[in-house]
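In: just a sequence and a predicted model for now, questions to come.
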Amino acid sequence: MGDMTMRLGSVRGVLLALVVLALSTASFAAIGITVSFGPPALPVYEQPVCPGDGYIWTPGYWAWNGDGYFWVPGTWVLPPEAGYLWTPPWWGWDNGVFLFHEGYWGSQVGFYGGINYGFGYFGNGFEGGRWDHGHFFYNRAVTNVNVVNIHNVYNETVVNRNVTVNRVSYNGGQGGITARPTREQDVFDHGHHVAPVASQMQHEQEARGNERLRAEVNHGKPPIAATDKPRDFSGHEAVAAKEAGAPYRPPESREHAAENNRPANARPENAPSENGRAANPVHARELPPVQHEPAPNTGNSKLNEKYAKQQNKLEEQQQKQRQKLSQQQEKEDQRLARNNANDQRKQQMEQRHQQQTQQLQQREEQQRQRMTRRQAPPPHREKPPKK
């Protein structure tokens with residue numbers, strides 16, 4: 001009887017674990033952005049040449065700014081550490097809305113909706129290169145690499161396994177990709193990840209504030225489809241889209257669509273301001289780029305150089321603080337998703353994250369003000385006239 005009880009208990013434990021896994025898988029990595037209509041098709045564009053050894057390609061994607069989609073150009077990025085690969089973000093249909101799943105760095109590539117982003121990201125894994133003893137080797141068959149400058153390359157033909165090659169940019173729903181994660185991808189998606197690095201967050205913020213990258217303006221054919229480095233939108237290597245992936249059909253009523261895209265637990269106060277920035281950012285990743293304050297011109301070259309170094313050091317410190325807070329907030333959001341938290345707990349967490357982000361902004365402003373006061377020239381005092 002005791003053995004039978006133990007076996008029944010084990011069976012119940014296994015079933016419970018499977019239920020928890022299923023629930024957490026269904027909700028994992030969605031970061032609270034829900035939209036009632038899908039993003040435009042992926043535009044057709046060429047990949048800029050890799051700017052240097054160690055860079056990894058991160059494909060472009062459509063993001064949401066509160067009332068419309070905008071294009072985040074593909075770009076080459078230095079990973080947070082050797083051995084890490086990029087899992088692109090993706091949109092997925094769930095319970096009548098499209099949810100945004102943020103990209104991340106990790107020891108392998110996870111599930112990204114089966115979206116064919118090209119350049120090695122053909123819907124499953126990454127075939128544009130691989131790590132070998134701490135060095136990244138590029139597959140020239142699918143990546144644009146100048147072998148004069150980069151010698152760690154190989155050439156491996158990739159067979160596109162997608163039966164139907166299309167430019168669809170979302171999973172599920174009407175006309176969406178029907179791919180589902182494998183068991184291995186499910187396990188990895190719940191493992192250790194690293195949030196997008198600071199340069200990627202700045203890259204997205206720059207795109208958010210660029211009117212020409214809005215789908216309603218470019219009709220699915222962004223004038224800046226890819227760059228050789230993050231935020232280098234006006235550089236010589238910036239690439240325009242050749243054509244839209246499909247005819248762009250915006251919703252008939254943008255105002256009506258925007259209202260539908262704000263569920264009860266959404267954050268309408270986080271809609272972008274007139275300059276495209278988030279008016280009241282909830283997460284550190286939504287902050288505009290760290291403000292660059294030029295060092296004062298004192299007339300003394302050595303002192304100018306000293307002050308410039310102090311300004312750069314402060315900006316680097318602020319970037320690290322943002323990245324640390326962003327990673328912490330993302331982990332907490334993922335923990336809630338895995339535990340299938342209710343709306344009240346999610347709202348409490350959102351409020352806590354918003355408070356943290358506002359406090360970080362205030363600290364940054366105080367640091368800049370202190371720096372400005374320290375570097376300000378002493379007040380000029382008139383010498384009293386000689387008697």
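Out: Received the coordinates, thanks. The structure displayed is predicted, hence computed values, not measured ones.
In: identify the residues contacting the spatially closest residue to residue 296 that is not a sequence neighbour.
Out: For residue 296, ignoring the flanking residues on the chain, the nearest one in space by CB to CB, 6 or more residues apart in numbering is residue 375 at 5.4 Å. Placement of C-beta: from N, CA and C, glycine included. By CB atoms under 8 Å, 6 or more residues apart in numbering, the contact list for residue 375 reads 295-296, 307, 310.
In: ok so residue 200 is a strand residue?
Out: No - under DSSP: H, G, I helix; E, B strand; the rest coil, residue 200 sits outside any strand and is assigned helix.
In: what sits against it?
Out: 58, 77, 230.
In: and those as CSV, adding secondary structure, distance to residue 50 and neighbour count?
Out: Compiled in CSV, the contacts of residue 200 are given as follows (DSSP: H, G, I helix; E, B strand; the rest coil; distance: CB to CB, whole Å; neighbours: other CB atoms under 10 Å):
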residue, secondary structure, distance to residue 50, neighbour count
58, strand, 12, 28
77, strand, 11, 20
230, coil, 14, 22
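In: can you give me the end-to-end span of stretch 147-154?
Out: The straight-line separation of the ends of stretch 147-154 (CA to CA, to the nearest Å) is 10 Å.
In: so which residues of the stretch 151-300 of the chain form helices?
Out: Remark: helices assigned in the stretch 151-300 of the chain by DSSP state H, counting those that start in this stretch are 183-189, 198-208, 215-218, 254-260.
In: so which of those helices is the most packed in?
Out: When the helices of the stretch 151-300 of the chain are scored by mean count of other CB atoms under 10 Å, the highest mean neighbour count falls to helix 198-208 (a mean of 21).
In: quick one: average confidence on that helix?
Out: The predicted model assigns helix 198-208 a mean pLDDT of 93.
In: what stretches of the chain score poorly on pLDDT?
Out: For the chain, the stretches with pLDDT under 70 are 1-32, 159-165, 251-280, 378-387.
In: what's the distance between residue 40 and residue 60?
Out: 12 Å (CB to CB, to the nearest Å).
In: dump the residue contacts of residue 58.
Out: 74-77, 86, 88, 103, 200.
In: inside strands: which ones of the residues you listed?
Out: Among the contacts of residue 58, the residues falling in strands (DSSP state E) are 74-77, 86.
In: the protein: strands as residue ranges?
Out: Using DSSP E, strands in the chain cover 30-35, 56-58, 61-64, 69-72, 74-77, 85-87, 90-94, 97-101, 104-106, 129-132, 135-139, 153-154, 170-171, 226-227.
In: the second one: partners in the sheet, and parallel or antiparallel?
Out: When sheet partners are counted by DSSP bridges, strand 56-58 sits next to strand 74-77 (antiparallel).
In: so how far is the partner strand from its chain's centroid?
Out: Distance of strand 74-77 from its chain centroid, counting by CA atoms, centre = their mean, to the nearest Å, is 11 Å.
In: just name the closest of the ones in strands among the contacts of residue 58 to residue 220, please.
Out: Nearest to residue 220 among the ones in strands among the contacts of residue 58, counting by CB to CB, is residue 74 at 15.3 Å.
In: any idea how far residue 203 is from that closest one?
Out: Using CB to CB, we find residue 74 at a distance of 10 Å from residue 203.
In: leaving out chain neighbours, which residue sits closest to residue 118?
Out: residue 59 (6.8 Å).
In: next, the contact list for that neighbour, please.
Out: The contact partners of residue 59, by CB under 8 Å, 6+ apart, come to 74, 88, 117-119, 121.
In: hang on, the earlier thing: let me have the helices of the stretch 151-300 of the chain in a markdown table, extended by distance to residue 34.
Out: Shown next, in a markdown table, are these (distance: least, CB to CB, whole Å):
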| stretch | distance to residue 34 |
| --- | --- |
| helix 183-189 | 19 |
| helix 198-208 | 18 |
| helix 215-218 | 17 |
| helix 254-260 | 9 |
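In: looking at the ones you listed, which is nearest to residue 224?
Out: Nearest of the helices of the stretch 151-300 of the chain to residue 224, taken as CB to CB: helix 198-208 at 8.1 Å.
In: pull the CA atoms of that closest one into CSV?
Out: Output of helix 198-208 as CSV, limited to C-alpha atoms (Å, rounded to 0.1, in the frame of the first residue of the first chain):
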residue,chain,number,x,y,z
ALA,A,198,23.0,49.2,-24.0
SER,A,199,23.8,50.0,-27.6
GLN,A,200,20.8,47.9,-28.7
MET,A,201,18.4,49.8,-26.4
GLN,A,202,19.8,53.1,-27.6
HIS,A,203,19.4,51.9,-31.2
GLU,A,204,15.7,51.1,-30.6
GLN,A,205,15.1,54.4,-28.9
GLU,A,206,16.7,56.3,-31.8
ALA,A,207,14.4,54.4,-34.2
ARG,A,208,11.4,55.2,-32.0
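In: run the chain-centre distance for that helix.
Out: 8 Å.
In: repeat that for stretch 359-368.
Out: 23 Å.
In: same check on stretch 327-346?
Out: 18 Å.
In: start to end distance for that stretch?
Out: Taking CA to CA, stretch 327-346 runs 17 Å from one end to the other.
In: buried residues in that stretch?
Out: Going by neighbour count (16 or more other CB atoms under 10 Å), the buried part of stretch 327-346 is 327, 329-330, 333-334, 336-338, 341.
In: all good on my end, thank you.
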